[in-house]
Structures are given as structure tokens and as C-alpha cells.
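Engineer: Dropping the sequence and predicted coords here.
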Amino acid sequence: MINRNYLECLTCGTKAMTRTAIGHSDHQEFAFPCSKCGVEIRFAMKLDQSAPSFSYDWIKGAKWVHEPTLPDLPNIHYLDGENLIPKNMKGNFSPFIVTSFLPKDPAEYLRQRDVRFFASQQVWPKLKELRVHAERRNATLFDKLARDLHYDGNLNDWQDRLRAELWAIETYGNWFRPFTSADEAFIRQRISLAESIAASDHHLVTELTSSHNHHALFTECQRVRDAFAQLYPALSSLYQTFYWREDSGSLDDYQLAEKRFAELKTLYVDCLETFCRISVIAATIEGEIQIGAVAVPKAKGTLTVAQFQAVKNGNKPDVLKKLPLADLFVPFINSKLRNGVGHNSAGYDVTSDEIFYSNHNNKGTTHYRLPYIRFCETIVLIYRQFELVWLYAAWLIARAEGVKGRIM
Ligand SMILES: [Zn+2]
């Protein structure tokens with residue numbers, strides 16, 4: 001559904017038409033420069049998916065006006081938060097139609113896209129609820145919800161229930177990490193190899209949990225999922241690129257309509273921090289395999305789990321890149337971007353549609369700019385990878401709570 005509206009720039013009085021696609025989330029926020037004076041115009045919409053209904057929430061830099069005062073055809077802003085917007089619309093009126101044939105299998109892509117919308121908006125709140133029942137040890141409510149989620153294993157004790165919860169989270173996470181099954185097989189193989197080597201001594205799990213409070217880790221991971229689920233509709237169109245044909249082109253030819261830098265930067269920082277925490281578990285598993293001890297191997301000697309945990313995230317890749325799991329982690333740890341966007345001076349520039357940030361060190365300050373869509377792509381890529389390496393975290397959480405045997 002598309003809603004048309006008309007606005008007038010508060011700075012120069014230029015009028016424009018907005019054609020806004022009504023999306024799947026509770027909140028949408030769009031920004032674009034006035035076509036004449038370049039000042040940022042930003043507005044938000046409130047949506048009620050259960051009604052369904054929507055309303056215009058607030059607007060900055062412009063005011064809404066009635067249609068009849070407009071000259072012939074005003075400049076038009078196509079605001080579709082859930083499809084990639086071609087920079088050149090070539091006379092097309094719908095971003096959805098322009099981009100719908102980019103995937104190799106358009107029908108399969110749309111099916112998976114619908115599942116992801118459903119998962120992020122409907123299933124995720126249930127998984128949060130499951131966590132509440134688990135924390136409050138409310139077996140009746142937990143079991144009822146687990147069965148509603150189609151879990152059909154035993155629910156005789158809290159180990160069973162944790163297994164059920166981890167199953168539900170993994171099923172959920174799977175939708176957000178398409179085309180990662182080869183890496184998933186690698187992770188499972190490394191975990192079971194390390195477990196078979198460590199079978200005689202149980203220090204692996206105890207040492208990991210002592211430096212890595214698994215309750216805190218679980219909470220942190222849930223927070224990342226929660227933030228991502230809320231922002232997912234505004235990032236969802238980027239998932240299309242995983243399904244593209246080889247000749248489908250470049251993301252540089254597209255932009256995103258929703259501009260949510262303030263929320264996204266927090267999500268990015270939290271996701272990267274959690275991701276780096278999980279890398280400690282993964283590196284320790286490699287240590288167990290390589291040297292049969294609970295330690296992280298490096299070029300010369302080893303680090304204890306606590307020592308590696310304390311290594312700055314920006315320096316963790318120096319150790320990780322020597323391990324067989326390097327490709328799972330190293331390409332995703334961009335500490336320049338992380339430190340830049342974590343700083344107050346980072347922001348979004350509507351005229352160039354770029355984010356800007358800077359790094360400060362003893363050599364001075366370096367300024368960077370990155371297209372907004374590339375920043376969002378970075379978030380989608382690291383979240384997808386987070387859902388993959390979550391398998392390490394899930395393993396530790398399960399073992400620390402005494403779950404035996406196969407976890408998922
Ligand atoms: Zn203006």
C-alpha cells in the first residue's frame with residue numbers, strides 16, 4: 001500500500017509529493033534533502049500492524065500541506081523502506097517492480113523475505129517471552145509456549161527446556177543467515193572435535209564460563225537480536241543481494257529510503273562487541289584442538305582465555321587470523337568503523353546520503369565517509385555472521401547449564 005502526501009520545505013517553501021510505502025514495522029523514519037535548498041526533511045510514521053492502520057507521527061524541516069496548492073507535478077520522493085530504491089528510477093514508479101527480478105529465483109526470495117518479516121515481527125516477541133518464563137522458572141508457561149512454537153522434544157527439566165529454547169533461537173536465527181550452511185558444518189565439526197579431545201578433563205567449559213559469564217553473554221546476545229528485529233524492516237531489502245544473480249549489478253546503484261543512523265550505530269557497536277566476545281569461545285576451541293589445552297594459540301606461545309578476552313577488539317584479528325576459523329571472524333571486525341561510529345562526532349549527511357566518522361590517535365584525526373547503504377550492508381553482514389557464530393555461544397550456554405549430548 002502506498003500513501004501519497006504533500007509537504008512544503010520550511011526553509012525555501014518548495015513543495016514536494018511523498019509516495020510512502022506502508023511497511024511491516026511499528027515505526028518508519030524517512031529522510032531526504034529538499035530538492036531545492038538541500039536542507040534535511042525527516043518524518044516518521046506510526047503503524048499498527050494488528051489494526052492495520054498508520055499515521056504520520058512527526059515531521060522536521062517541512063510541514064504537511066494540502067494537495068490543491070501544488071503546481072503541476074511536484075518533485076516526487078519514493079519512500080519505500082522495504083525495497084532497494086534505484087538511484088535512477090528511469091520513469092518507473094515502483095522500486096519493488098524495478099528490483100523484483102534481480103534475484104536468481106525471485107519467487108523463492110519473496111517467500112524467504114516474508115518468513116523473515118514474520119519471524120522478526122511475530123516470532124521474536126515470543127522468544128523474548130520464553131526467556132522471561134525461563135528466568136522466572138515458570139515451567140507451565142514455558143512449556144505451553146514451547147509447544148506453541150512447535151517444539152516436540154522432552155520438557156522434563158530445565159536442561160530440556162534450555163535445549164528447547166536454544167532450538168527455537170537457532171531456528172529463528174537461521175532465517176537471518178541464508179547461505180551459511182558450509183560454515184555451520186565447520187563450526188559443529190570443530191566443537192565436537194574439541195569436546196572429544198577435552199573429554200578427559202572438564203576445564204574447557206569451566207574456564208570459558210569463568211571468564212565469560214554465560215548468563216551475561218546470553219543476555220547480550222538477546223539484546224542484539226532485539227535491536228535487530230526492531231530495525232529489520234528498514235534493513236530488510238539488503239537481504240535481497242544474497243539472492244542476486246551474478247550480473248545483478250552493484251549496491252552502489254541503490255539507496256535506502258529509511259534513514260535510522262542513530263539507532264543503527266548502537267546496534268552495530270553492540271553487535272560487533274558481542275561478536276568479538278564469541279570469537280574468544282571459538283579461539284579457545286581451536287586451542288583445545290591444536291594443543292589440547294584451554295588456551296588460545298598465537299604465533300609464538302599461547303594466551304589464557306582471560307588474556308585473549310582482554311585483548312582490544314581491534315587487535316583480536318591478529319590472533320584470529322592464524323587460526324582455521326579466521327574467515328568466520330576477521331573480515332567482519334572493522335575496528336575503524338566501530339570506533340568511529342561509537343563516537344559522538346559520527347553522523348549522517350542527507351545531501352550526500354553518507355555517514356561520516358573519524359578516528360583519533362597520536363598521529364592526529366582521520367575523517368571517513370561511507371555511503372549510508374554500505375553502512376547498513378555492514379550491519380546486515382555482521383548480524384548474519386553473528387547468528388552463525390552464535391552456535392559457539394549456544395554450545396557454551398548449554399554445557400555451562402549441564403545440558404548433555406547433542407544440543408540441537
Ligand atoms: Zn527547501
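Structural biologist: Looks like it arrived, so ask away.
Engineer: how deep is the closest residue to residue 204 other than its chain neighbours tucked in, by neighbour count?
Structural biologist: Once flanking residues are discounted, residue 204 sits nearest to residue 198: 4.3 Å by Cβ to Cβ, 6 or more residues apart in numbering. (Glycine included, C-beta is placed from N, CA and C.) Residue 198 has 18 neighbours, counted by other Cβ atoms under 10 Å.
Engineer: pLDDT at residue 198, what is it?
Structural biologist: Model confidence at residue 198, given as pLDDT, is 85.
Engineer: ok, and what's touching stretch 193-207?
Structural biologist: Outside stretch 193-207, the residues that touch it by Cβ atoms under 8 Å, 6 or more residues apart in numbering are 284-286, 288-289, 292, 294, 305, 396, 399-400.
Engineer: buried stuff in that stretch?
Structural biologist: For stretch 193-207, burial by neighbour count (16 or more other Cβ atoms under 10 Å) applies to 194, 197-198, 204-205, 207.
Engineer: next one: stretch 118-125
Structural biologist: By neighbour count with 16+ other Cβ under 10 Å, stretch 118-125 contains the buried residues 119-121, 123-124.
Engineer: quick check, nearest of those residues to residue 21?
Structural biologist: Taking Cβ to Cβ as the measure, residue 21 sits nearest to residue 121 out of the buried residues of stretch 118-125, at 15.9 Å.
Engineer: Over to the closest residue in space to that closest one that isn't next to it in sequence. Which of the three states is it?
Structural biologist: Counting by Cβ to Cβ, 6+ apart, residue 24 is the residue found nearest to residue 121 once chain neighbours are left out, at 5.8 Å. What DSSP: H, G, I helix; E, B strand; the rest coil gives for residue 24 is coil.
Engineer: Residue 24 - how many residues pack around it?
Structural biologist: Residue 24 has 20 neighbours, counted by other Cβ under 10 Å.
Engineer: which stretches of the chain form strands?
Structural biologist: Assigned by DSSP state E, the chain shows strands spanning 2-9, 15-21, 27-33, 40-48, 53-60, 62-65, 75-79, 85-86, 254-255, 296-297, 302-303, 347-349, 354-361, 364-371.
Engineer: What count of nearby residues applies to the nearest residue to residue 380 once chain neighbours are set aside?
Structural biologist: Spatial nearest neighbour of residue 380, excluding adjacent residues (Cβ to Cβ, 6+ apart): residue 238 at 4.6 Å. When neighbours are counted by other Cβ under 10 Å, residue 238 registers 21.
Engineer: what do you get for residue 181?
Structural biologist: Residue 181 has 11 neighbours, counted by other Cβ under 10 Å.
Engineer: Just give the nearest non-adjacent residue to the residue in the stretch 151-300 of the chain that the ion sits nearest to, would you?
Structural biologist: With Cβ to the ion as the measure, residue 259 is the residue of the stretch 151-300 of the chain nearest to the ion, at 17.3 Å. Leaving aside its sequence neighbours, residue 259 sits nearest to residue 31 (Cβ to Cβ, 6+ apart; 3.9 Å).
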